[in-house]
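A.B. asks: Here is my input, please return the structure:
(2 chains)
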Amino acid sequence: MSDAPANAGSALPATLSMAAFVVLWAALAAWVAEPITFPGPLRVWEVTVDEAAAGRLFHSMGVTLLRVVAAFVIAMGIGVAFGLVLGRSRVTDRWLNPWLVILVNLPALVVTVLCYIWIGLNEVAAVAAVVINKVPLVTVMVREGARALRPDLDDMARAFRMRPVDRLRHVVLPQMAPYVAGAARAGLSLIWKIVLVVEFLGRSSGVGFQIHLNFQMFRVGHILAYAFAFIVVMLAIEYLILRPWERHANRWRQDGR
Amino acid sequence: MDVEIRAKSFAGKPILGAIRLKLGPGERVAILGPSGIGKTTLLRIIAGLDPDYQGTVAGADRTSVVFQEPTLLPWRSALENITLTTGVAEERTRSLLADVGLAGKEALYPRQLSLGQQRRLALARAFAPEPGTLLMDEPFASLDAETAGRMLDLTATLLDRAGASLIFVTHDPTEATRLGARGLTLRSSPATLVG
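C.D. replies: Predicted coordinates for the structure are as follows:
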């Protein structure tokens, strides 16, 4: 890969920066000397290992991850479809844009509480709350992409009488890839945070529930252990799934003649 | 093909007036005229890309278009740019690519080809569905004289072989002559065709 040297060069500052963060945290924790309310990195690591050994960490992360994946897939599907329609049809956009503005600005907490009240304290309400929070953002990002579609390629597809499904797959979606990737990345980080709020407020399992439980017992070490463990999972998704997919989708931009 | 246009306007401003154009099998016609007169507009109507006009276009179901720019899918290979857009089989596509001098370039993406090669790829794509009429919109305008000459010769050879009719938009009468096309000129406002 042509960008390998750049990646190798950028890894060192990032590693040193993270190391500095851990050292600063450890120093601050030692100075505060309150291991219950301000545990150091070593204490958080010990808690993480204990929770993993007890099986609670992986079970909670698995449950939360399932909710994240379900909400992500549904929200991306609906958001991409809406975004495409609104970006391509000015009339529909004029009618539905006010709804979108309201939904984008509706606080996640309000949506969550309303879903729990109207649907009940169950999985459907939990996932629906996350989806309703996320769909407007995906729609707005994808709509921008749909507005920027190349009209000359549209003409070409019509002139050669491409089937609508082929047009979508080979002409429209490849142009949308950067916007969908952006929406997916922004969506993933937003969704997992909303899922934690949803679990915190009304579920009896998952990382959000564990944070709720440990918040009541004032165990900051446990709260940080669960939060950091899930951040690692989200980073793994970013580096092992999203970035390779993006590289694959953008391979045509490389020369390599 | 029988084209009968009564009027075409943009935002209330008349662009094309009464136009009648009949084209027999294998016949070649060049539409000449200055920039902005409405040549591309006329070609877009014939290609079915602009339905907002008064008149009828009959017998245009087997047309193929070569645009001013190559208009290729940058994210698909040279081979896929033909198979995916026209539905033509891979074997015939490889043969077409060889005909236009792109043998061995099947797997390359458009940006890995020179502009001349992209033009030839667009030409191969236009001939792939075995069109009854080929519509060309100033496809050699941005090429140097030598490359444009080679492209004209290649187009003439492929047209002879396919037996397709041609409607060729250009502002250069020598290009029309080189393709053996009968020249018609768009004139005045709204524009009409003069033989």
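
A.B. asks: Name the residue closest to the centre of the chain, please.
C.D. replies: Assuming you mean chain A. The centre of chain A sits closest to A:L188, judged by C-alpha atoms, centre = their mean, with a distance of 0.8 Å.

A.B. asks: To clarify, I was referring to chain B.
C.D. replies: Mean-position check on chain B, C-alpha atoms, centre = their mean. Result B:M136 at 1.6 Å.

A.B. asks: isn't there a strand covering it?
C.D. replies: Yes: under DSSP: H, G, I helix; E, B strand; the rest coil, B:M136 falls within a strand.

A.B. asks: pretty sure it is touching B:S64, no?
C.D. replies: No: using C-beta atoms under 8 Å as the test, B:M136 is too far from B:S64 to be in contact (9.4 Å). Every C-beta, even on glycine, is put in place using the N, C-alpha and C of the backbone.

A.B. asks: any residues in contact with both of these two?
C.D. replies: Shared contacts of B:M136 and B:S64 (C-beta atoms under 8 Å, 6 or more residues apart in numbering or on different chains): B:A126.

A.B. asks: tell me the contacts of A:G83?
C.D. replies: Taking C-beta under 8 Å, 6+ apart, we find A:G83 in contact with A:V138, A:T139, A:V140, A:M141, A:V142, A:R143, A:G145, A:A146, A:Y179, A:A183.

A.B. asks: Go through the residues you listed and name the one nearest A:R167.
C.D. replies: Nearest to A:R167 out of those is A:A146 (C-beta to C-beta; 13.2 Å).

A.B. asks: Roughly how far does the closest one sit from B:D50?
C.D. replies: Distance of A:A146 to B:D50, computed by C-beta to C-beta, to the nearest Å: 22 Å.

A.B. asks: So which of these two has more stuff around it?
C.D. replies: A:A146 (21 against 16; other C-beta atoms under 10 Å in any protein chain shown).

A.B. asks: ok, the closest residue in space to the more buried one that isn't next to it in sequence to A:V80 distance?
C.D. replies: Leaving aside its sequence neighbours, A:A146 sits nearest to A:G87 (C-beta to C-beta, 6 or more residues apart in numbering or on different chains; 2.2 Å). A:G87 is 10 Å from A:V80, where distance means C-beta to C-beta.

A.B. asks: Same check on B:V57?
C.D. replies: B:V57 is 36 Å from A:V80, by C-beta to C-beta.

A.B. asks: Then B:R28?
C.D. replies: Taken as C-beta to C-beta, the span from B:R28 to A:V80 is 46 Å.

A.B. asks: Those two: who's more crowded?
C.D. replies: Taking neighbours as other C-beta under 10 Å, B:R28 and A:V80 compare with A:V80 leading, 23 against 19.

A.B. asks: buried sites along the helix or strand where A:A14 lies?
C.D. replies: Secondary structure assignment for A:A14, by DSSP states H and E: helix A:4-32. By neighbour count on 16 or more other C-beta atoms under 10 Å in any protein chain shown, the buried set for helix A:4-32 is A:W25, A:A29.
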